[in-house]
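> give the three-dimensional model of this entry:
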Amino acid sequence: MPNKMASMLCRVVGHRRLRTKVWHDGVDYRAPCARCGTPLIRDMHGGWRPFDWGKDAPPGSQERSGRPHHDS
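Model prediction:
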């Protein structure tokens, strides 16, 4: 669980992607925030912003965590 200081820092200076956890979902690059764990998506300008299920999820998909899902 993210701590309150990290969440507050992200609100002030913005999120930072966790470079070792970047993955491609078939359409966009995604990663969690290194400080607070918020799911992020790379926008068309090359920047990173919080993933918004209302705008960013493909039609018919179900909400899940910001990490890739791997079936065993």
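
> mind listing what's buried in the strand or helix carrying Gly54?
Assigned by DSSP states H and E, Gly54 belongs to helix 53-56. In terms of neighbour count (16 or more other CB atoms under 10 Å), helix 53-56 has its buried residues at Asp56. Any C-beta I mention is one placed from the backbone N, CA and C, and that applies to glycine too.

> check stretch 23-35 too.
For stretch 23-35, a neighbour-count test (16+ other CB under 10 Å) marks Arg30, Ala31, Pro32, Cys33, Ala34, Arg35 as buried.

> now, which of these lie within strands?
Arg30, Ala31, Pro32 (DSSP state E).

> CSV for those residues, including distance to Val22 and pLDDT?
Listed next are these as CSV, based on distance: CB to CB, whole Å; pLDDT from 0 to 100:
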residue, distance to Val22, pLDDT
Arg30, 7, 95
Ala31, 4, 97
Pro32, 9, 97
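
> looking at those residues, which is nearest Lys55?
When these are ranked by distance to Lys55 (CB to CB), Arg30 comes first, at 13.6 Å.

> nearest spatial neighbour of that closest one, skipping sequence neighbours?
Nearest non-adjacent residue to Arg30, counting by CB to CB, 6 or more residues apart in numbering: Ile41, 5.2 Å away.

> before we move on, what about Leu40?
Closest to Leu40 by CB to CB, 6+ apart is Trp48, at 4.7 Å.

> next: Arg42.
Closest residue to Arg42 apart from its sequence neighbours, by CB to CB, 6+ apart: Tyr29 at 4.1 Å.

> fine by me, thanks again.
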